[in-house]
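Colleague: Output the structure for:
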Amino acid sequence: MKLYIKNMVCDRCKRAVQQVLTDAGLDVQQVQLGEVIVSEWPAEVSTEQVASGLQANGFELLDDRKTVLVEQIKSIIINEVHHNRRDRPEQQNLSDFLAQKIGYDYSYLSHLFSAVEGISIERYAILQKIEKVKEYLFYGELSLSEIAWRVGYSSSQHLSNQFRQVVGMTPGEFRKVRQPLRTELDKVQESK
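Modeller: Residues are numbered from 1 along each chain as shown. The predicted model follows:
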C-alpha cells in the first residue's frame, strides 16, 4: 500500500515519517520523499491516528490525487536540486522528464501545479535552485562558476542575473551579508 505525505524534503524527514508510522503500528517497507510503502494497514490503526501523528511533526497525509501529483512534482525537483539525484539525462528538459516520470501530459501537470501552488513548475524549480545557491554562497567554499555548474546553470552570468531577480541582490552582495536568508524547502514559493 502506498501513502503520500506532504512536506518531506530531506533524509531527516524520511526518518521522522518512518518513526511516526512505525510507532502507529504500520509495517514500513520503503520511504522516499513524498511516498511511503507499507505492507498493509492493520484494522486497529486509524487513519486519523496516523494523520495526527504526522501533523504533529509537520507532515500531512494526502488523499487527494491532484495534491499527490503536485507533491510528486515537488519531490522530484527537490531531489534533483538539493540532493544531487539526477535521474534526468543532461539533454532532457524538465517538462519532458516530469511527464515521463509521473506518467501524465506535461500541460496537465503544469496547469494543475499552477492552480494548486500559485506559481509555475518552472518558477518553482528556479526558486529551489536559488535556495541551493544561497546554501553554497553562505558556506563560501565554492566559486560562483563552480556553484553555477553544480546547480545546472549554463554560466555564472546566467546564475547572477537570475539570483538578482529572485533575491534582490547579487550573489557577491549575498556573500557579504553573511546571514541566513534561506527559506525552508517546503515553504519555497513566490513572494507575495
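
Colleague: do you know how far the residue sitting nearest the centre point of the chain is from residue 69?
Modeller: Taking CA atoms, centre = their mean as the criterion, residue 78 is the residue nearest the geometric centre of the chain, at 3.2 Å. Here residue 78 is placed at a distance of 15 Å from residue 69 (CB to CB, to the nearest Å). No exception for glycine: its C-beta is placed from N, CA and C like everyone else's.

Colleague: Now stretch 122-132: average pLDDT?
Modeller: What stretch 122-132 shows for mean pLDDT is 95.

Colleague: oh, I was asking about stretch 152-172
Modeller: 94.

Colleague: hmm, who's touching it?
Modeller: 81, 126-127, 129-130, 133-134, 137, 144-145, 147-148, 151, 174, 177, 181 (CB atoms under 8 Å, 6 or more residues apart in numbering).

Colleague: mind listing what's buried in it?
Modeller: Burial within stretch 152-172, assessed by neighbour count using 16 or more other CB atoms under 10 Å, is assigned to 152-153, 156, 159-160, 162-163, 166-167, 171.

Colleague: any idea which of the residues you listed is the one closest to residue 88?
Modeller: residue 152 (9.8 Å; CB to CB).

Colleague: ok, back up a step: the residue nearest to the centre of the chain is in what secondary structure piece?
Modeller: Residue 78 is located in helix 65-82, with elements delineated by DSSP states H and E.

Colleague: Confirm residue 5 sits in a strand?
Modeller: Yes - counting by DSSP: H, G, I helix; E, B strand; the rest coil, one finds residue 5 located in a strand.
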